[in-house]
Every structure is written in C-alpha cells, then in structure tokens.
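J.: pasting the sequence and the predicted coordinates here, then a few questions.
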Amino acid sequence: MNEIPEAGGPQGSPSAFTNDADGRGGWACPVPPDHPAAALLTGLAVRTRCAAVTDHVAAGASELFTWHPERIPAVADYVATTIRERYPDLNVPYHSRWRHFESGGHGERLDRWQILCERGGLSGEADREERARIGIDLVIPSVLLDAGAGPDWRYRDPASDLLLTRSEGLGVASFDLFARGGFSAQPGQPLRSDAERLMRIDAPSIATAFQVAQHNRLVGLDGRAGLLRRLGEVAQATPAVFGTPARLGNLYDYLKAHAVDGRIEAGFVLTTLLVALGPVWPGRVSLGGISLGDCWPHPACADGLVPFHKLTQWLTYSLLEPLEDAGLAVTGLEALTGLPEYRNGGLLFDFELMVPRDPGFAALAHTVDEPVIVEWRALTVTGLDLVAASVREALGLSAAAFPLARVLEGGTWAAGRRIAAKRRPGGPPPFVINSDGTVF
C-alpha cells in the first residue's frame, strides 16, 4: 500500500494546506480557501455565473444570442420520451464514463469492468477498496482522453469486432489500453495508473493504442498525450492526494480519510479534483497565480469570468460508481451542474432555446474561447437545470430520486445525439468547434 498523508481537516474544501518543507502541504499548486481563485473552483460558481450570463441574454443585452425559455417544455417532452424509450423502468444509471465502457455488445450492454475484475480475482467483498482504486486508475486518464474524436475516427473493438466512434470508441480504446497495463509502472500489476508511467506517454503511443492511421485520424492527438504527461507530473507533485510513489487510485484513500460516517459530499470531490488536477490543464486564464482551467471571460459576470469545469465535472460524475462500490456514500449531487458540451448544448441549440443573432453562426467553425461559444455553454448549463426540473415533473419523480446525473444520462445527452441524427446526416453537432483535445 502506498503512503497516504493523514487527512488535514473536515469536509468543506480540500484541507491538506498545512506547510511542509516546501510550503505546499503536499499539493502541486495549493489553493487555500481564502485565495481569490478558490471561489471559482466549485460547482456553485459554475451554476451562479452561468445564471448571470443567462440573465444578461434574457434581458436582451447580448449581441450574440436571444433566449427562449418558452421552449423548455418541448425540450423536456423530447427528453422524457427518450428516457422512457431507453429505460422503461426509469432505473437510469449515472451519466458517466462507465456507460461508454459498456459499448460494443451488439446492441446489448457489455460489462467489460465486471469481466476485468473477475479475471483479476477482484470481485469479492474483501476487494472493494482495491477495486475502487483500480476504477479510479482507469477512469481518470480515460476521462482526460475523452475530448471529441472528430467525425472520421473509428476504433475496431477486439471484443465485439464492431467499429466504435466518438465517445464510445474513445472509452473502449482507453479501457483496452488500461487493461493491457498501458498506465502501469509496476511489472506484473497492469491494473493501475502510476505517475511514473504517465509521464512517459507520447503521441505515438496513444496513436497505436487508438488505431490512428492516415485514413483514421483522431482530433487532438498531441493534446491528449500532453494531458496524460501533465497528469503524471502533477500526480507526482501532489502526494497529499496521490501518495508516494504516486498512483491515481490513491485518491480513494484521500477521500475516505475525509469522509464523515462513510459519507462524502460531491462538492468536496469536485473541488478536490479541481485543486489537485488544476495544473494539468493548459494555462489559459489565471487568477493570483492559479490557472483556472475551463474558465473563460464574459462581461456578464462582475469579475468577467465564467467557469465550466466540464471535464472535471464529468470526472466527478464518473467517480460516483467506484466510490459507492467501495462503501462511500456520495451526497449532495445537486452541487454538480450539467455538462456544457456539444450533445447537451446541441440539443438546446437544435430546439432553439438559444438562438444566435448571426444567421451565419452555424456555418462557421469556432474556437472554445470565442465569446459566442462561452455564452452558448453558459446558456446550456442554465438550460439543463430548467429542462431537468421539467423532465422530473413529466416523469413524476423528485430531484432526490432522479438527480441531474440521471437526467443527463437518460436523458439530455442521448436526446442531443438523437435529434442530431434526425437533422443532419451522420449526426454531427449543429456547429463545429475546433478542439485541441483538452476541453471537448
């Protein structure tokens, strides 16, 4: 068992900020609670600042979009219908990376995770905690590799011989790479992700594992490899969370140490990841020396900044299952927001919840830092909350019984893909965002 520092304090915000020899308390880039960046590294900041942008648009002050909340019922009806078709018993799992790992079963769920655990002798009650560490080892690099693949890339799944695309293909490809020991630095122990190995990953390694070729191009290949290398570097520099030697799965032990009566708040998990993994993301906007990651300028917010933290929230959703399998109850899921990306946001755009003022908007390719994309993403976060409330009403379910994590899965993401397939050959999103592999 790798060495994990003791917990530094109660739940609320990551707390291992006590000074040590380097003054960092075991964190690569500590963000004390009184630091000006701390307020932006929360789900609450995403929700409230996106609401401010929405109010700005709804007031007619935006030169980019108009806002049409009267269309919420139509979106919700479409989503509720999608949920009933996919899950007639309304027993919807969480929206997470784990759903992609189940792809490729000739129309049926293929439980690769269960097969992997059985082969590794990790299916018993006594294996719950190590199984959680391995699940975290798997899901963190897989989520970082999940940015949009582009329209042309395919992955031939060895288990089913099916050609998988987009998120499903990326999920299965990363699963296979992990299962082969692609992230392990320990001989004879393939099912782990070690900082030492992650720091050595290069673009050709990812290209080989993901079957990239001249006729099978993957968008953002260099960006993906760079993210994994930075992940390894940051994990090694953050022993407070990842232990010594650094292993991603040791995050489980950190969270367990901060749990109260076996319960951990989703907001605490998110902020832990935002602080611990913040230096992984390319430097864009920073505040007080802290890189804010997926956070962008917009004039509707008092300090001109609106955070989204899309991939980190996606990762938080994807950690729920391994944590719960190990016996940690994750509470306060309402602290997390909807994910502002091209399926959720495409659904709302296709239903004209937000309408661009420029009639040529959809004909152009955009970049993630363009004001129009920042505004569309903010409107998406607010819109998903409104749609979720209306969907629950249509299904006769409470927020506690049907949290946003289930609405997204059931849900808005699937409905976004469904309407895209109806409106455009091949089902691409309604407009193109050029990706470097680190946001979408």
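T.: Sure thing, it's come through. Residues are numbered from 1 along each chain as shown.
J.: which element is residue 269 on?
T.: Element membership of residue 269, judged by DSSP states H and E, is helix 266-276.
J.: do residue 98 as well
T.: Following DSSP H and E, one finds residue 98 within helix 97-101.
J.: if we can go back for a sec, so which elements touch the helix holding residue 269?
T.: helix 43-58, helix 239-242, helix 251-258, helix 310-325, strand 329-331 (3 or more C-beta pairs under 8 Å, 6 or more residues apart in numbering; DSSP states H and E). From N, CA and C alone the C-beta is placed, and that goes for glycine too.
J.: can I get the helix holding residue 98 in PDB, CA atoms only?
T.: What follows is helix 97-101, C-alpha atoms only, in PDB (Å, rounded to 0.1, in the frame of the first residue of the first chain):
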ATOM      1  CA  ARG A  97     -17.600   7.300 -18.400                       C
ATOM      2  CA  TRP A  98     -18.700   3.800 -17.300                       C
ATOM      3  CA  ARG A  99     -21.600   3.800 -19.800                       C
ATOM      4  CA  HIS A 100     -19.000   4.100 -22.600                       C
ATOM      5  CA  PHE A 101     -17.100   1.100 -21.300                       C
END
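J.: who are the packing partners of that helix?
T.: helix 112-119, helix 128-144, helix 166-179, helix 310-325.
J.: which helices and strands does the third one pack with?
T.: Other helices and strands packing on helix 166-179, by 3+ C-beta pairs under 8 Å, 6+ apart, are helix 97-101, helix 112-119, helix 128-144, strand 155-156, strand 163-164, helix 203-209.
J.: what sits up against the last one?
T.: Yep, that's helix 203-209 we're talking about. The contact list for helix 203-209 (C-beta atoms under 8 Å, 6 or more residues apart in numbering) reads 145, 173, 176, 177, 182, 212, 218, 221, 222, 224, 225, 228.
J.: switch to 7 Å and redo it
T.: Residues from elsewhere that reach helix 203-209 (C-beta atoms under 7 Å, 6 or more residues apart in numbering): 173, 177, 182, 221, 222, 224, 225.
J.: list the ones among those that fall in helices.
T.: 173, 177, 221, 222, 224, 225 (DSSP state H).
J.: about what we covered before: point out the most buried one among the helices and strands packed on helix 266-276.
T.: Across the helices and strands packed on helix 266-276, the average number of neighbours (mean count of other C-beta atoms under 10 Å) peaks for helix 239-242, which reaches a mean of 26.
J.: pull the CA atoms of that helix into CSV?
T.: The C-alpha coordinates for helix 239-242 follow below in CSV (Å, rounded to 0.1, in the frame of the first residue of the first chain):
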residue,chain,number,x,y,z
PRO,A,239,1.5,13.3,-2.6
ALA,A,240,-1.3,14.7,-0.3
VAL,A,241,-3.8,13.1,-2.7
PHE,A,242,-1.9,10.6,-4.7
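J.: which neighbouring elements make contact with that helix?
T.: Judged by 3 or more C-beta pairs under 7 Å, 6 or more residues apart in numbering; DSSP states H and E, the packing partners of helix 239-242 are helix 251-258.
J.: what angle sits between the helix it packs on and helix 128-144?
T.: Using axes from the mean of the first three to the mean of the last three C-alpha atoms, to 10 degrees, the inter-axis angle of helix 251-258 relative to helix 128-144 is 120 degrees.
J.: now helix 251-258 against helix 266-276, angle please.
T.: Using the same axes, to 10 degrees: helix 251-258 against helix 266-276 is 130 degrees.
J.: quick one, domains of the chain?
T.: 1-9+96-258, 31-94+285-310+332-440 (automatic domain parsing).
J.: just put the ones you listed in TSV and tack on mean pLDDT and distance to residue 324.
T.: Formatted as TSV, the domains of the chain follow (pLDDT from 0 to 100; distance: least, C-beta to C-beta, whole Å):
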stretch	mean pLDDT	distance to residue 324
domain 1-9+96-258	90	9
domain 31-94+285-310+332-440	95	9
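J.: can you redo those domains as CSV with distance to residue 322?
T.: Formatted as CSV, the domains of the chain follow (distance: least, C-beta to C-beta, whole Å):
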stretch, distance to residue 322
domain 1-9+96-258, 3
domain 31-94+285-310+332-440, 11
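J.: residue 277 is nearest to which of the ones you listed?
T.: domain 1-9+96-258 (6.3 Å; C-beta to C-beta).
J.: how about residue 203: what's its closest non-neighbour residue?
T.: Distance criterion C-beta to C-beta, 6 or more residues apart in numbering; nearest residue to residue 203, sequence neighbours excluded, is residue 225 at 4.2 Å.
J.: how about the nearest residue to residue 317 once chain neighbours are set aside, what does it touch?
T.: Leaving aside its sequence neighbours, residue 317 sits nearest to residue 96 (C-beta to C-beta, 6+ apart; 4.8 Å). Contacts here follow C-beta under 7 Å, 6+ apart; on that basis residue 96 touches 317, 318, 320, 321.
J.: can you get me a residue count around the closest residue to residue 259 other than its chain neighbours?
T.: Distances taken as C-beta to C-beta, 6+ apart place residue 328 nearest to residue 259, at 5.7 Å, with adjacent residues excluded. Using other C-beta atoms under 10 Å, residue 328 has 22 neighbouring residues.
J.: before we move on, what about residue 272?
T.: Residue 272: 25 neighbours (other C-beta under 10 Å).
J.: for residue 115, same thing?
T.: With other C-beta under 10 Å as criterion, residue 115 counts 12.
J.: going forward, begin numbering at 614 instead of 1
T.: Shifting the count to begin at 614 puts that one at residue 728.
J.: gap between it and residue 714?
T.: Counting by C-beta to C-beta, to the nearest Å, the separation of residue 728 from residue 714 is 10 Å.
J.: who's in contact with the helix holding residue 711?
T.: Counting by C-beta under 7 Å, 6+ apart, 706, 725-726, 752, 755-756, 759, 780-781, 784-785, 788, 931, 934, 1022 sit against helix 710-714.
J.: from those, which is closest to residue 691?
T.: Checking the contacts of helix 710-714 against residue 691 with C-beta to C-beta, the nearest one is residue 1022 at 15.5 Å.
J.: that closest one is in contact with residue 707, isn't it?
T.: Yes. Judged on C-beta atoms under 7 Å, residue 1022 makes contact with residue 707 at a distance of 6.2 Å.
J.: picking up where we left off before, chain center to the helix holding residue 882, what's the gap?
T.: Using C-alpha atoms, centre = their mean, to the nearest Å, the distance from the centre of helix 879-889 to the centre of the chain it belongs to is 12 Å.
J.: what does stretch 654-668 give?
T.: Using C-alpha atoms, centre = their mean, the offset of stretch 654-668 from its chain centre is 17 Å.
J.: try stretch 799-806
T.: Distance, centroid of stretch 799-806 to centroid of chain: 25 Å (C-alpha atoms, centre = their mean).
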